[in-house]
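Trainee: Sequence and predicted structure below; questions after.
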Amino acid sequence: MSIDKEIVEDFVAESKTLIAELIDLLESIEGDFSRVQELANYGNNVDRIMGGAKNLALMGDDNHALPLISDYAALCKAVGYKASQIKDNEQFFNICLALLLDATETLEVLLEHIYDAADVLRNTIPEAFIERLRWVSQQFSEEYSMSVNTGQAEKKMKQSEIDDLLKKLGL
């Protein structure tokens, strides 16, 4: 089944608007640890990109860029939500913020190449970024939730789930 080009273009346009907002948010809180909880807003907005890509991916094949973009956005979301819960570690906050800035810029590149095959797009994700992502994700203990507090039982994202997403991305 083929995905309607106009729908994909609308998705890309909306996602690029969200990416601009994400970058503005990250740059506005850079160096201001008192605003760490605002990273939950980052997670919420990147979740919109993830959800849109995941829904559109249902109409395409497995080697379309959309599943890759969805999984990549899921990693960004997990780091954003977990980083929003950092307490008493400004240096780690700064590391996570820098990682999220790089990740968001890479997400924008992935969107610009939405018509490339996923196996080609995987090569645009810098290996240094993957290593930093693995290191950061390993620093989060099980007490960090992958979602914001909704009043419902919170699901914890285990390191193995992050590793599974990385494998799914082929990284």
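Mentor: It's in. Everything numeric here is computed off the predicted structure, so don't read it as measured data. Numbers count the residues shown, from 1 in each chain.

Trainee: how much space is there between the residue sitting nearest the centre point of the chain and Asp47?
Mentor: Nearest to the mean C-alpha position of the chain, by CA atoms, centre = their mean, lies Cys76 at 2.0 Å. To Asp47, Cys76 is 9 Å away according to CB to CB, to the nearest Å. Yep, even glycine has a C-beta here, placed from its N, CA and C like the rest.

Trainee: on that earlier part again, now the element after the strand or helix carrying the residue nearest to the centre of the chain, going C-ward?
Mentor: Using DSSP states H and E, Cys76 falls within helix 65-83. Using DSSP H and E, the helix or strand that follows helix 65-83 in sequence is helix 90-112.

Trainee: So what touches that next one?
Mentor: 12, 15-16, 19, 22-23, 26-27, 29-31, 33, 36, 39, 42, 46, 49, 65, 68-69, 72-73, 75-76, 79-80, 83, 86, 121, 124-126, 129, 132-133, 136, 139 (CB atoms under 8 Å, 6 or more residues apart in numbering).

Trainee: which ones among these are found in helices?
Mentor: 12, 15-16, 19, 22-23, 26-27, 29, 39, 42, 46, 49, 65, 68-69, 72-73, 75-76, 79-80, 83, 121, 129, 132-133, 136, 139 (DSSP state H).

Trainee: Point out where this protein drops to low pLDDT.
Mentor: By pLDDT under 70, the low-scoring segments of the chain are 1, 141-171.

Trainee: Measure how far the helix holding Cys76 is from the centre of its chain, please.
Mentor: Put simply, helix 65-83 sits 3 Å off its chain's centre (CA atoms, centre = their mean, to the nearest Å).

Trainee: Stretch 76-93 too?
Mentor: On CA atoms, centre = their mean, the centre of stretch 76-93 falls 13 Å from that of its chain.

Trainee: oh, and call the first residue 32 from now on, that's how I've got it
Mentor: Yes, from this point I'll number from 32; that puts the last item at stretch 107-124.

Trainee: Can you get me the start-to-end distance on that stretch?
Mentor: 14 Å (CA to CA, to the nearest Å).

Trainee: Pull out the buried positions in that stretch.
Mentor: 107-117, 123-124 (16 or more other CB atoms under 10 Å).

Trainee: What is the most widely separated pair among those residues?
Mentor: Using CB to CB, these span at most 18.2 Å, a distance reached by Lys108 and Phe123.

Trainee: hang on, the earlier thing: check contacts around the residue nearest to the centre of the chain.
Mentor: With contact set as CB under 8 Å, 6+ apart, Cys107 has these partners: 73, 77, 81, 131, 134-135, 138.
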